[in-house]
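*Asks:* Here is a sequence with its predicted model. Questions after.
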Amino acid sequence: MPQYKYTYGIIRCTSTNEILLLNRQKHPWMGRWNGVGGKFSPGETPMDCIIRETQEETGLVISNYQLRGVMTWFKDGENLGGMYVFTADLAEIPRGFHTPKLVDEGILDWKKITWVCDEKNSGIVDNLRIMLQNLFHADEKSTFKTLYESGSGDKTFASDRLVSVEYLTDSHHEIY
């Protein structure tokens with residue numbers, strides 16, 4: 001049984017230097033650009049989950065995902081769990097896959113990595129630009145330790161203040 005309940009994926013088009021992001025229409029992270037992913041179904045492995053979630057959210061069947069470790073969340077010092085983090089590289093944007101594209105979860109669009117990483121960009125989830133600094137060379141033993149301080153008191157991170165994202169290599173967490 002997987003240690004964490006969620007998966008998260010970033011799909012990169014290497015020829016355009018863009019990543020496929022979802023502007024969520026529901027809480028948490030409503031109105032913010034983020035990767036794809038979601039919660040495990042019974043009996044799934046992390047790889048099964050990210051492939052299924054990607055297909056459900058984008059319509060794309062991506063089978064070349066690489067596990068890049070885990071992201072863990074701490075809020076006011078309390079460990080709130082985490083998720084398995086994956087990346088996939090595509091040489092080209094799939095033929096016939098036009099964006100922006102309205103889907104059940106929100107709006108999909110290819111975004112330039114430079115746009116995502118711009119410090120003035122407040123339209124993305126707060127930890128993504130920091131993660132991208134190390135994400136594509138991380139391996140399955142990596143951990144992105146994310147620290148938050150309480151905001152409005154709800155159960156998600158959308159109203160909290162990001163303190164830091166620490167990139168740890170060779171962490172000793174159980175993958176599956």
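*Replies:* That came in fine, so what should we check first? Numbering: from 1, shown residues only.
*Asks:* ok, Y6 touching V36?
*Replies:* No: using C-beta atoms under 8 Å as the test, Y6 is too far from V36 to be in contact (11.3 Å). Bear in mind the C-beta positions are built from the backbone N, C-alpha and C, glycine included.
*Asks:* Looking at these two, which one has more neighbours?
*Replies:* Using other C-beta atoms under 10 Å, the more surrounded residue of Y6 and V36 is V36, with 25 against 20.
*Asks:* roughly how far apart are E92 and L162?
*Replies:* Going from E92 to L162 by C-beta to C-beta, to the nearest Å gives 33 Å.
*Asks:* neighbour count winner among the two?
*Replies:* L162 (14 against 10).
*Asks:* what helix or strand does the more buried one sit in?
*Replies:* Secondary structure assigned from DSSP states H and E places L162 in strand 161-168.
*Asks:* and that strand, what does it pack onto?
*Replies:* In terms of contacts (3 or more C-beta pairs under 8 Å, 6 or more residues apart in numbering; DSSP states H and E), strand 161-168 is packed against strand 143-149.
*Asks:* which strands and helices sit next to the strand it packs on?
*Replies:* Secondary elements touching strand 143-149 (3+ C-beta pairs under 8 Å, 6+ apart): strand 66-75, strand 161-168.
*Asks:* Quick one: mean pLDDT over it.
*Replies:* Summarised as a single mean, pLDDT over strand 143-149 is 89.
*Asks:* Strands of this protein, residue ranges please.
*Replies:* Assigned strands in the chain, in chain order: 6-13, 18-24, 33-34, 36-39, 66-75, 78-90, 101-103, 106-112, 143-149, 161-168 (criterion: DSSP state E).
*Asks:* Sheet partners, orientation included, of the second one?
*Replies:* Strand 18-24 pairs in its sheet with strand 6-13 (antiparallel), strand 33-34 (antiparallel), strand 106-112 (antiparallel), by DSSP bridges.
*Asks:* Pick the most deeply packed of those.
*Replies:* Among the strands paired with strand 18-24, ranked by average contacts under mean count of other C-beta atoms under 10 Å, first place goes to strand 6-13 (a mean of 23).
*Asks:* Contacts for the lowest-mean-pLDDT helix or strand in the chain, please.
*Replies:* For the chain, the helix or strand with the lowest mean confidence is strand 161-168, at a mean of 80 (criterion: mean pLDDT, DSSP states H and E). Residues lying outside strand 161-168 but in contact with it, judged by C-beta atoms under 8 Å, 6 or more residues apart in numbering, are 126-127, 130-131, 133-134, 138, 142-149, 151.
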